[in-house]
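> pasting the sequence and the predicted model now:
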Amino acid sequence: MVNLTIDGKEVTVSKTATIYEAAKEAGVHIPVLCYAKKLLPYGACRVCLVEVEQMKGRLIPSCTTPATEGMVVTTMSDEIRKVRKTVLEFLLVNHVVECPVCDKGGECDLQDLTYEYEVVANRFKGEKFDLPTDEVNPLIERNMNRCVLCGKCVRVCDEVVGYGSYSFINRGFETKIATAFDRGLNCEFCGQCVSMCPVGAILPRPFKFKARPWQLKEVNSVCGYCGNGCTVTLGTKDNEVQTIRFNDKTGVNDGNLCIRGRFGVSYVNSDKRLTSPLIRKDGELVESSWEEALEKVTAGLRSAGSDAGIISGARLTNEELFLLKNLSTAIGTGNLDHSGGECYKGATEGLQETLGLQASTATFPQVEKANAILAIRTDFYETHPVFGMVVNQAVRQNNAQLTVIGDKQGKLTRMPRARTLQHKPGLEVNILNAMCRFLLDEGLAKTEGLQGVEELKDALADYSVEAVATATGVDADAIKQSAKELATVENAAILLAYGLPYSANSRELGLAAANLALLTGIAGRSGSGLYLCGEKSNSQGAIDLQILPVTGALGVTGMLKSASEGKLKALYITGEDMLVSYPDKGLVETAIDKTAFVVVQDLFLSETASKADVVLPAASFAEKAGTFTNAERRIQRLNPGITSPGQAKTDFAIFQALLTGLGAEAPATEAAAFTELAAVTSGYEMVSLDMIGDQGYVWGGDTLAPETRNLVAVAGGKAIEAKYQLVVGSALYHSGTTSLHAKGPMSVVAEPYIELGREDAKELNIADGDLVKLKAANGEISAKVKVDRRMPKGVFFAPYHFGSLELNRIYCGQTAIAVEVSK
Amino acid sequence: MFKEFAKGLSITLKHLLPGHSTTVEYPKVKLEMSPRFRGLHRLVPTQEREKCVACYLCPTVCPAKCITVESAENEQGEKYPKVYEIDLLRCIFCGYCVEACPVEAIEMTDKYELANYKREDFNFDKERLLK
């Protein structure tokens, strides 16, 4: 710690703090343009100059100068004022002053400073630039005439996102920010540069000319897409979410967002939203009143009783899931579940059997300080992009060694020093087993206090590193090196994501990852963690609230099988377009057809909803109050920013009405529901709503200690013998099926595609954009081809989000699908 | 005292003489307005379009909240007011909109005959304001 004086105030700050940070701590405001909390100090703009007694004779940039013991800093004097004004005059020499038509007007740092320092005339003359604006992409507009060369976009894209789209080019007056070869921007469109730009040089196109910042009402809520639980600050006006505002003060994401969070929210304003309940009459879905629809649903569910099945999506709030569970009790059925193919089994069975937990053991920010990170599946970045950015920061700023176990290349494998254990599809467990075996053989495993060490040793007899290396096609030394690092470094993390396209081996992967976490000592150690991250915004909440079949009752697969045999009398589907997103479309189809009474509760008339007997219009996350629990157990509050369209109601209100209709009690408000659910949910007992502050509340604490320490042997997979194999997964630009109604993601990836490597493309004589057919055992899919360097030879990839592709005709929960390729 | 009284009355009488009246026979005769008079608003046109760039400063500064602006992008990629409306029933003719405008796109004319029969007719849209 160092002590210094700033404007007469004594402050004590850490040794790594700069003068600027010390001043912030002391409550002294210093103006900045190029400084950002999450970026490394840069010192480009020279607006933050201050006087330091010990360094008389020149002014010191406060954002790059470390605070030292006994410093006496003055942040404002006549001279400082004069110099800062001159700096602004310099910047305004070539900054085009078009504030009236610039969307940044009103929240522009340069505009505010110009006003504060009363820069009304300029003593310097120079040319204004007249560079063309970059409007090639649909989401981010760049106008370099307004740029002040603070370099924040360059740094955020490199330091945080790890994409590296931008760089400075040219010299002197001609200096500007450009993309590679100064072509139009073509990147992953996370829009981090948009949120960082202090002026109007980089702006979001969907918000172009829509409104002024001061007209927007800001509401903090939690993003409804993935399990990362990023805070999104909705900028609302005219009962529409106009844009997402920058906010690095609330939540776990530090102001970082991905394309879905920043540009994917427009589905809430879509005119295709359901606005009134629909009832099937004479084979047609017709609009009806809520009374009629609810009466029909109550009667149908009551008469079905224990033969009713409830399938929920994982994007309902905790309160709603709690009511749903009560609803299942009121109906008298235990057939309750929340995800297709039981893809959450890694947590509910894998972690449960080994660690006695059903959740990640640590929090996201801890990963920034990790020294070694193991990501299972490259798709981790695609399912949880903002957590991927934390991994990138650990790699770049903390020199963490990243190992990726993946069947293809991806964003994670391109990170600095990333070691890719690229294996044949479906063999992740084998590699994890080999790591465990290596640690046990070499005596690096921390076996103290672990149960089942001997049994595991015996079971891993066939998984020597060499044998696995041969079977999977991975370098043996790389496996050893990675295992060794995980076991020996101070802080390590194991990351694994689950979701609808990853239903294969979910339990096995959970077990294998937990075994490794136990042997390396990662599980339960402060600073380290095993992260099992759900695909959807409240996947963890659904597990916490046990939206799972009660003992002896049917889970999703059981329900669908039973329904397809005509044994279920009613199906209640809420928040999921099963026909598109669940594996095995054929089974889902038969199940829905054979069930006499199907209720679907959704935002849109989805493929599943159009087959229902009653459709209930529900509300999006932007219209709800309640809580989500993210993949690191952080309970965060949602706040309604807009009202629902037409007669649509929140899922909470619908469940309330149904419970009342069935003669059961229902809590009156979301807050009352939270109090009730907290009392009966393990881990939530001590949590009350007022404990959930700006940063949420992590139940179980930052480090969750395992209840048990059992090693459970698990068998690895077998690679399928086929020349061409298809693997399914999530695409970065989409999440589930909801993002298909959002303009942002759709403007970048509007159609399904099949991705393959260059070698295959050459061999099959296929070019980018060609139509290709993949024939599998139980069907055929056809889509345009995307050729890149990501896919290894013989492996194809298809994202699961698009209903038009009918991917789930051939994907029924396999790790890889053998396909025949034809044009 | 009488002297002062006569002096005052003489001024009054002087004004009673023909040609000394300040009253104008409206509507046959109309006064010429001072250049700083704040009457009906006018949007200033340029050759192809209105000068207004829809910066939203006038609706922001308006104390009576009588101005409605909706901006949009035209074919040339410029910002323009898709909607520009002034509700004259609410307007207090303070002239702040003129003062706030960064591009001198709105001015106040000398028109003051604004009476009308229907409420709708007090709503001046872009076309009427551009005249």
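That came through, no problem.
> only C-alpha atoms from now on, for both contacts and neighbour counts.
Fine.
> find the helix or strand that B:V83 is a member of.
Assessed by DSSP states H and E, B:V83 sits inside strand B:79-87.
> and that strand, which strands flank it?
strand B:67-73 (antiparallel), strand B:123-124 (antiparallel) (DSSP bridges).
> which parts of the longest one are buried?
Same thing as strand B:67-73. B:67-72 (16 or more other CA atoms under 10 Å in any protein chain shown).
> which one of the residues you listed sits closest to A:A776?
Set against A:A776, the nearest of these by CA to CA is B:A72 (49.3 Å).
> list the contacts of that closest one.
A:209-210, B:79-82 (CA atoms under 8 Å, 6 or more residues apart in numbering or on different chains).
> same question, A:S747
A:S747 makes contact with A:P138 under the criterion CA under 8 Å, 6+ apart.
> what's it sitting at in phi/psi?
Here is the backbone geometry of A:S747 (degrees, to the nearest 10): phi -70, psi -20.
> need the longest helix for the chain.
In the absence of a named chain, chain A is used. Longest helix in chain A, counting residues (DSSP state H): helix A:78-94.
> wrong one, I was asking about chain B
In chain B, assigned by DSSP H, the helix with the most residues is helix B:2-16.
> only the buried members of the contacts of B:A72: can you turn that into a ChimeraX selection?
The buried residues among the contacts of B:A72 can be selected in ChimeraX (16+ other CA under 10 Å) with this line:
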select /A:209,210 /B:79,80,81
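> pLDDT added to the buried residues of strand B:67-73, as TSV?
Formatted as TSV, the buried residues of strand B:67-73 follow (pLDDT from 0 to 100):
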residue	pLDDT
B:I67	97
B:T68	95
B:V69	95
B:E70	94
B:S71	94
B:A72	94
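> how many neighbours does residue 32 have?
All of this is about chain A. Residue neighbour count, defined by other CA atoms under 10 Å in any protein chain shown, stands at 23 for A:V32.
> let me rephrase: I mean chain B.
7.
> test my guess that A:K210 contacts A:V241.
No - A:K210 lies out of contact with A:V241 (CA atoms under 8 Å); the separation is 11.1 Å.
> now do the residue nearest to the spatial centre of chain B, the pLDDT please.
Residue closest to the average C-alpha location in chain B (CA atoms, centre = their mean): B:G39, at 2.1 Å. Note on B:G39: pLDDT of 95.
> up against chain B, what does the stretch 201-350 of chain A have?
A:209-212 (CA under 8 Å from any CA of the partner chain).
> not counting its neighbours along the chain, what's nearest whatever residue of the stretch 51-200 of chain A ends up closest to chain B?
Distance from chain B to each residue of the stretch 51-200 of chain A (CA to the nearest CA) is smallest for A:P100, at 4.7 Å. Nearest residue to A:P100, sequence neighbours excluded (CA to CA, 6 or more residues apart in numbering or on different chains): B:C55, at 4.7 Å.
> just A:R142 next, same as before
A:I202 (4.5 Å).
> tell me, what's the model's pLDDT at that neighbour?
96.
> rewinding a little: now tabulate the residues of the stretch 201-350 of chain A next to chain B in TSV and tack on distance to A:A570 and pLDDT.
Below are these laid out as TSV (distance: CA to CA, whole Å; pLDDT from 0 to 100):
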residue	distance to A:A570	pLDDT
A:F209	49	93
A:K210	46	93
A:A211	47	93
A:R212	50	94
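> residues in contact with whatever residue of chain B ends up closest to chain A?
Distances between chain B and chain A by CA to the nearest CA are smallest at B:C55, namely 4.7 Å. Contacts for B:C55 (CA under 8 Å, 6+ apart) come out as A:100-101, B:71.
> tell me the SS of it?
coil (DSSP: H, G, I helix; E, B strand; the rest coil).
> now do A:Q540
Reduced to three states with three-state DSSP, the structure at A:Q540 is helix.
> alongside chain B, which residues does chain A contribute?
So far as CA under 8 Å from any CA goes, chain A lies against chain B at A:100-101, A:209-212.
> and the residues you listed, which two are furthest apart?
A:P100 and A:K210 (13.2 Å).
> run through the strands of the stretch 501-650 of chain A in chain order.
Using DSSP state E, counting those that start in this stretch, the strands of the stretch 501-650 of chain A run over A:529-534, A:570-574, A:597-602, A:614-617, A:626-629, A:634-638.
> any chance of those strands in JSON lines, plus distance to A:V96 and mean neighbour count?
Output for those, formatted as JSON lines (distance: least, CA to CA, whole Å; neighbours: other CA atoms under 10 Å in any protein chain shown):
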{"stretch": "strand A:529-534", "distance to A:V96": "46", "mean neighbour count": "28"}
{"stretch": "strand A:570-574", "distance to A:V96": "52", "mean neighbour count": "25"}
{"stretch": "strand A:597-602", "distance to A:V96": "48", "mean neighbour count": "26"}
{"stretch": "strand A:614-617", "distance to A:V96": "48", "mean neighbour count": "29"}
{"stretch": "strand A:626-629", "distance to A:V96": "44", "mean neighbour count": "28"}
{"stretch": "strand A:634-638", "distance to A:V96": "40", "mean neighbour count": "26"}
